[in-house]
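> fold the following.
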Amino acid sequence: MKTPYKYISFISPVYRNIKSTALSILYRGKNVTCPLCNQSFSNWIGERDLGSCPQCGSAARHRLLYLYLQQNSSLFTTSHTILHFAPEKCWQNRLKKMDNLKYITADLSAPEADLKIDITDISFDSESFDVVICSHVLEHIDDDNKAIGELFRVLKHNGVAYIQVPYNSSKLTDEDPSANPQERKKRFGQSDHVRLYGTDFLQRLESPGFKVTQERHAVKLDSKDREQFGVWDDVIFKCIK
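Purely as a prediction, here's the structure:
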């Protein structure tokens, strides 16, 4: 069993590099630009306006959060200690190269994360991090209140958690961890989701003590930039301890 695992671990980066090079050629152009890898293309993969980046694989929510942080935080200019749950490769490629950051990635199962950590039982001391990034993770967690409490605990005073989730602003959260995969897909959008968050999500975030603002950065961009960067009006929950 060990030999195939080592083989796959070795070949995966090679395959990704070949694939991204081929896609960059196939999608060459100047119509859209990914802020994470700073490359331009004819269009995105999948959805033409909001699909994934041919080079780094970023989705619209990744590009939106990156633009928001670039324009509304000191993350890229001063020293920070960051804990990033379920890190996407596009983020890792960007943030691990930045000398001003101590960037730690965590996941319960992803092999490329630095640490194997349960978000409901984070193995760090209280007040260990300046920033936590948690994008589209909480909808997978049965006890999300415990997870939110852990995010609050490991942040330093005045630290910030940037949280994104599938979100419906017109109704209350619909959840059922006991639902089967077929029902989950129908109700929550994916077979591995246990809820679709709604208007009460703000109260869940505030419960451990966070001061929360809902950042709609896309509406602050002009239509040309929204089209160029492939972003839509998604909510970023900025949670300050």
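
> domain ranges for the chain?
Following automatic domain parsing, the chain resolves into domains at 1-58, 59-240.

> same for the helix or strand that contains K102, what does it pack against?
Element membership for K102, per DSSP states H and E: strand 101-107. Contact partners of strand 101-107 among helices and strands, from 3 or more C-beta pairs under 8 Å, 6 or more residues apart in numbering; DSSP states H and E: strand 80-85, helix 89-95, strand 115-116. No exception for glycine: its C-beta is placed from N, CA and C like everyone else's.

> F129 against R153, yeah?
No - F129 is not in contact with R153 according to C-beta atoms under 8 Å; the separation is 10.2 Å.

> if we can go back for a sec, can you give the strand pairings for the strand holding K102, parallel or anti for each?
When sheet partners are counted by DSSP bridges, strand 101-107 sits next to strand 80-85 (parallel), strand 115-116 (parallel).

> tell me, which of the ones you listed is the model least confident about?
Comparing mean pLDDT across the strands paired with strand 101-107, the weakest is strand 115-116, with a mean of 94.

> any chance of the strands paired with strand 101-107 in JSON lines, plus mean neighbour count and distance to S109?
Shown next, in JSON lines, are those (neighbours: other C-beta atoms under 10 Å; distance: least, C-beta to C-beta, whole Å):
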{"stretch": "strand 80-85", "mean neighbour count": "22", "distance to S109": "12"}
{"stretch": "strand 115-116", "mean neighbour count": "12", "distance to S109": "8"}
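
> closest one to R63 among those?
With distances scored as C-beta to C-beta, the stretch of the strands paired with strand 101-107 nearest to R63 is strand 80-85 (16.1 Å).

> how far does the closest one sit from the chain's center?
Taking C-alpha atoms, centre = their mean, to the nearest Å, one finds strand 80-85 lying 12 Å from the centre of the chain it belongs to.
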